[in-house]
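Asker: coords below, sequence missing:
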């Protein structure tokens, strides 16, 4: 089991990578970026298990986590822009 600080640091790195890859200006704070990275990892793990890419209990890798965070970032932008 990874420590809480390790999860936060990985979430920050994944969130920053997702924000750097996705085009556009994302005005997110540090906490939102960390939560985005952590949630992206969970989304990638869930999709990977559902698609039989991972076994139950395995976690997503770095690339899948960043892709999951990018998907969440795009969804966040779509929801935020709605009037």
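Answerer: Here it is on my side, so go on. Remember, predicted model here, so these are calculated numbers, not experimental data.

Asker: pretty sure residue 67 contacts residue 44?
Answerer: Yes. Using Cβ atoms under 8 Å, residue 67 is in contact with residue 44, at 6.3 Å. C-betas here are computed from N, CA, C, even on glycine.

Asker: in stretch 67-79, which residues are buried?
Answerer: Within stretch 67-79, the residues that qualify as buried are 67, 68, 69, 70, 71, 72, 73, counting by 16 or more other Cβ atoms under 10 Å.

Asker: roughly how far is it from the heart of the chain?
Answerer: Its chain's C-alpha centre and that of stretch 67-79 lie 9 Å apart, by Cα atoms, centre = their mean, to the nearest Å.

Asker: do stretch 63-77 as well
Answerer: Taking mean C-alpha positions (Cα atoms, centre = their mean), stretch 63-77 and its chain are 5 Å apart.

Asker: neighbouring contacts of it?
Answerer: For stretch 63-77, contacts defined as Cβ atoms under 8 Å, 6 or more residues apart in numbering pick out 10, 14-15, 17-19, 21-22, 24, 26, 36-37, 39-45, 47-48, 60.

Asker: filter the residues you listed down to the buried ones.
Answerer: 10, 14-15, 17-19, 26, 36-37, 39-41, 43-45, 47-48, 60.

Asker: how long is stretch 51-58 end to end?
Answerer: Start-to-end span of stretch 51-58 (Cα to Cα, to the nearest Å) is 13 Å.

Asker: can we start the residue count at 44 from this point?
Answerer: Done: numbering now begins at 44, and the last item shifts to stretch 94-101.

Asker: in it, which residues are buried?
Answerer: residue 97.

Asker: pLDDT of it, averaged?
Answerer: The pLDDT scores in stretch 94-101 average 80.
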